[in-house]
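Student: predicted structure and sequence below. I'll ask about it afterward.
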Amino acid sequence: MSATPAIVGWRHGNPLEHLLEREWLVTNGLGGYASGSLSGGCTRRYHGTLIAALPAPHGRTVFVPFIDERLLLRRGSVRLSAIETTTETCLPDSEWISEIGLECGLPVWRYRHGPTAIEKTIAMPHLRNATCIQYRLTTPAHPSIELELRPYIQIRAHEASVTAGAVEFAVASSDAGFRVTHDAYPDLVFSATGGIFTREERAIDNVLYRIERGRGYDHVGRITSPGCLRVTLRSGQIVTVVISVEGAVDSANAAALIPGEFARRRELLKKADPTLRQGPAAQLILAADQFIIAPHTRTSDRADARTVIAGYPWFTDWGRDTMISLEGLCLLTGRTNEAGAILRTFAGHTRDGLIPNLFPEGENAGLYHTADATLWFFHAVDRYIQATKDYAMLDALLPVLRDILDHHLGGTRFGIHVDPVDGLLVQGEAGYQLTWMDAKVDGWVVTPRRGKAVEINALFYNALKLCAGWLRRTDPAAADRYDNHAQRACASFNARFWSEPLGYLYDVIDGEHGIDPALRPNQLLAISLAHPVLEPGRWRSVLQVVQRELLTPVGLRTLARGHPDYKPQYDGDLRARDAAYHQGTVWPWLIGPFMDAWLKVHHDSPRDGNQLVAALYSHLNSGGMGTIGEIFDAESPYRPRGCIAQAWSVAELLRVTALLREPTGPAGQRSVHAHAAAG
């Protein structure tokens with residue numbers, strides 16, 4: 001059934017502990033999801049068989065964190081899913097579990113013992129707050145087997161503590177399932193084709209969430225079950241379980257849900273860039289689909305609005321992540337309509353020359369504390385226009401884009417303004433973290449970078465040049481004005497950011513402590529963007545230093561070894577983790593700007609770049625199956641950390657893969673990027 005290479009997260013013979021360490025994820029295109037460890041149990045507070053995306057003020061809400069699955073045999077029961085408490089860890093029966101992997105991006109569990117083989121598949125129907133599970137006895141002419149499913153209920157915000165007070169609810173049972181009702185939430189319906197439900201309440205008071213324990217959060221909670229559902233597995237037949245907060249689903253429609261989702265995914269592969277439809281890149285196309293959503297939780301957005309979830313399980317949609325990811329997630333996957341809708345959505349939320357930094361969970365309004373997301377917006381518009389030639393969209397967006405630049409030139413929120421002395425962009429306000437290096441804990445801004453940050457000015461120059469180019473035919477006077485600002489910024493940038501002794505660019509100038517010479521990857525944007533602000537004669541030196549000191553097999557370090565703030569690991573409680581978040585920790589998305597810069601310098605040997613990204617593909621099943629996570633430790637073995645699925649990690653690896661597969665044109669240019677000269 002799969003149209004992509006098989007991704008196998010676990011095979012019989014691997015240590016059972018791996019079942020608790022690796023995770024699966026399916027999403028519904030609304031921001032809702034289902035996720036858990038490969039064991040079937042919950043190791044995070046965010047895990048659950050159904051986390052629905054509800055309109056504000058709720059946001060994403062856990063309904064069913066765990067289903068206890070058992071086969072009932074003559075010699076007793078066989079456990080198919082794990083449960084871990086403070087007193088014991090009950091893993092699936094090792095004699096039965098055979099393989100866990102992905103088929104067309106959907107998680108599949110295979111159980112085998114003697115002549116008996118059973119398969120389980122989980123999916124969420126697109127744009128529906130429902131989870132569908134199918135069980136199939138795959139052995140021909142095999143006697144029937146009884147399967148007992150005991151769902152546990154805990155209704156709470158997905159980011160809430162596992163010790164959150166119990167939400168009281170009423171349960172009404174039926175022959176094939178039950179309905180949970182509560183005045184503040186939609187009804188939860190749990191049903192199975194051909195099932196028999198028995199009301200028998202149980203509770204587990206000491207469920208252990210081991211990852212939350214390691215992250216310093218509450219990690220022991222209580223879950224309750226209203227009863228158990230017994231279904232009969234017969235050879236050649238499929239049993240379908242549906243968990244929904246959108247009403248009951250009849251048996252005929254339920255049986256079609258997972259086949260329908262497989263068909264939708266095969267169509268996604270057909271739409272994508274032909275160079276990406278083979279090999280592991282095909283899996284990334286399916287992973288990209290997880291992040292593109294209709295913002296169902298925000299009642300203020302239009303029905304046709306689209307946005308990008310920055311990462312699962314805990315991120316919402318962030319402006320910066322969305323704009324960086326747009327090309328890889330949408331344009332290379334043939335989803336130009338969604339790309340246009342995303343740009344319109346964020347343009348509609350512009351305030352005082354800024355797009356939102358993020359939309360908080362369960363709220364309608366955005367937060368605007370960012371200095372770079374809005375400048376990345378210009379980059380995303382450029383990539384969209386290059387791919388679609390949709391000049392009507394450009395005409396519609398130009399008033400917004402001009403308003404953004406005028407606010408930056410004249411000054412806007414958070415101290416964002418152009419310095420009249422040198423024409424460079426200044427940003428910073430006490431208590432705020434405005435660049436992408438935005439960790440903050442207990443009022444401590446870890447990397448404030450207030451002043452003139454290197455990538456902010458590279459992005460600003462790029463935005464000025466892009467807008468000047470777009471206006472050249474219709475408003476040459478305005479084009480000249482933006483071009484003049486760009487030329488002045490370019491001259492000042494090259495005069496002030498370049499360090500001849502170091503051979504690379506300062507990270508911040510005119511900061512709280514003057515010049516910050518820390519070696520960080522941010523300077524790559526001075527080369528990588530469509531209009532690079534750094535003069536070409538300095539590209540090779542910057543790239544050599546960054547490659548030598550920051551490049552790892554899984555992305556780029558955020559700070560060079562030897563700096564007093566360098567942290568080799570991202571671990572511990574929230575304060576320890578945030579102290580390391582941008583102080584050495586490796587970010588996979590940075591492979592995108594690095595490869596853009598690398599190809600400009602090494603345009604005569606583009607194929608050599610493949611070895612620089614190959615290792616990232618090996619992580620398609622190391623954390624979250626079939627996707628790329630948020631961050632890695634700064635030192636070997638580069639343990640995956642943070643979110644198990646991150647939009648810009650997937651998008652930039654997908655984009656770089658396409659970039660390396662495209663033919664080389666004059667001066668090393670490729671169709672993915674129109675590489676302009678500085679100046």
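Tutor: Sure thing, it's come through.
Student: skipping adjacent residues, who's closest to Arg496 in space?
Tutor: Ile509 (5.5 Å; C-beta to C-beta, 6 or more residues apart in numbering). Placement of C-beta: from N, CA and C, glycine included.
Student: state the pLDDT value of the one you found.
Tutor: Per-residue pLDDT puts Ile509 at 98.
Student: also Ser605?
Tutor: Listed pLDDT for Ser605 reads 73.
Student: now swap in Leu91 and tell me
Tutor: 89.
Student: thought it was touching Ser39?
Tutor: Yes: counting by C-beta atoms under 8 Å, Leu91 touches Ser39, with 5.9 Å between them.
Student: shared neighbours, the two?
Tutor: Common neighbours of Leu91 and Ser39 are listed as 16, 19-20, 82 (criterion: C-beta atoms under 8 Å, 6 or more residues apart in numbering).
Student: and the residue nearest to Arg496, how far from Leu425?
Tutor: Here Ile509 is placed at a distance of 11 Å from Leu425 (C-beta to C-beta, to the nearest Å).
Student: which SS state does the residue nearest to Arg496 fall under?
Tutor: Three-state assignment for Ile509 (DSSP: H, G, I helix; E, B strand; the rest coil): strand.
Student: same question, Trp648
Tutor: Under three-state DSSP, the three-state class of Trp648 is helix.
Student: distance of it from Glu662?
Tutor: For Trp648, the distance to Glu662 - C-beta to C-beta - is 21 Å.
Student: ok, Leu91 and Ser39, which is more surrounded?
Tutor: Set Leu91 next to Ser39 and count neighbours by other C-beta atoms under 10 Å: Ser39 wins out with 27 against 18.
Student: pretty sure Cys132 is touching Val242, no?
Tutor: Yes: judged on C-beta under 8 Å, Cys132 makes contact with Val242 at a distance of 5.4 Å.
Student: could I get the buried residue list for stretch 546-561?
Tutor: Buried residues in stretch 546-561, counted by 16 or more other C-beta atoms under 10 Å: 546, 549-560.
Student: what sits against His47?
Tutor: 23, 35-37, 41, 65-66, 209, 313.
Student: okay, these in a markdown table with secondary structure next?
Tutor: Shown next, in a markdown table, are those (three-state DSSP):
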| residue | secondary structure |
| --- | --- |
| Glu23 | strand |
| Ser35 | strand |
| Gly36 | strand |
| Ser37 | strand |
| Gly41 | coil |
| Pro65 | coil |
| Phe66 | strand |
| Tyr209 | coil |
| Pro313 | coil |
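Student: of those residues, which is the most crowded?
Tutor: Pro65 (28 neighbours).
Student: hmm, that one is touching Arg222, no?
Tutor: No: judged on C-beta under 8 Å, Pro65 makes no contact with Arg222 at a distance of 10.6 Å.
Student: what touches both of these two?
Tutor: Gln154.
Student: burial of the residue nearest to Arg496, as a residue count?
Tutor: For Ile509, using other C-beta under 10 Å, the count is 21.
Student: distance check, it against Pro420.
Tutor: Taking C-beta to C-beta, one finds Ile509 at 16 Å from Pro420.
Student: and if you look at Ala371?
Tutor: 18 Å.
Student: who's more crowded, the two?
Tutor: Neighbours per residue, other C-beta under 10 Å: of Ala371 and Pro420, the larger number sits with Ala371, 33 against 7.
Student: what's near enough to touch that one?
Tutor: 414, 416, 425, 427-428, 434-435, 453, 456.
Student: quickly find the element holding the residue nearest to Ser94 when sequence neighbours are not counted.
Tutor: The shortest distance from Ser94 to any non-neighbouring residue, by C-beta to C-beta, 6+ apart, is to Leu16 (6.0 Å). Counting by DSSP states H and E, no helix or strand carries Leu16.
Student: in the chain, which ranges drop under the pLDDT threshold?
Tutor: The chain contains residues with pLDDT under 70 at 1-5, 606, 663-679.
Student: same thing but 80
Tutor: Within the chain, the segments meeting pLDDT under 80 span 1-7, 165-166, 175, 251-252, 604-608, 621, 662-679.
Student: got the domain ranges for it?
Tutor: According to automatic domain parsing, the chain comprises the domains 7-267, 272-668.
Student: how distant is the shortest one from the center of its chain?
Tutor: How far domain 7-267 lies from its chain's middle: 22 Å, per C-alpha atoms, centre = their mean, to the nearest Å.
Student: do a quick rundown of the strands in the stretch 501-650 of the chain.
Tutor: 504-505, 508-511, 514-516, 551-552, 555-557, 586-587, 631-632, 640-641, 645-646 (DSSP state E, counting those that start in this stretch).
Student: kindly report the same for the stretch 251-400 of the chain.
Tutor: Ranges of strands in the stretch 251-400 of the chain, per DSSP E, counting those that start in this stretch, are 292-293, 307-308, 311-312.
Student: which of the ones you listed sits most buried?
Tutor: strand 307-308 (a mean of 28; mean count of other C-beta atoms under 10 Å).
Student: phi first, then psi, for the closest residue to Arg44 other than its chain neighbours.
Tutor: Closest residue to Arg44 apart from its sequence neighbours, by C-beta to C-beta, 6+ apart: Ile211 at 4.8 Å. Here is the backbone geometry of Ile211 (degrees, to the nearest 10): phi -70, psi -40.
Student: tell me how many other residues crowd Ile211.
Tutor: Other residues near Ile211 number 18, with proximity taken as other C-beta under 10 Å.
Student: just the one 3 residues further on next, same as before
Tutor: Using other C-beta under 10 Å, Gly214 is surrounded by 13 other residues.
Student: quickly note the distance from it to Gly572.
Tutor: Counting by C-beta to C-beta, the gap from Gly214 to Gly572 is 8 Å.
Student: again, but for Tyr217
Tutor: Per C-beta to C-beta, Tyr217 is found 12 Å from Gly572.
Student: check which helix or strand the nearest residue to Thr86 once chain neighbours are set aside maps to.
Tutor: With sequence-adjacent residues excluded and distances taken as C-beta to C-beta, 6+ apart, Thr86 is closest to Asn206, at 4.4 Å. Using DSSP H and E, Asn206 sits within strand 196-208.
Student: could you do Glu455 as well?
Tutor: Using DSSP H and E, Glu455 falls in helix 454-471.
Student: helix or strand right after that helix?
Tutor: Counting by DSSP H and E, what follows helix 454-471 is helix 476-496.
Student: run through who's touching that next one.
Tutor: Against helix 476-496 from outside (C-beta under 8 Å, 6+ apart): 402, 405, 409, 418, 422-425, 452, 457-458, 460-461, 464-465, 467-469, 471-472, 506, 509, 526, 531, 533-535, 538, 678-679.
Student: thanks again, I'm all set now.
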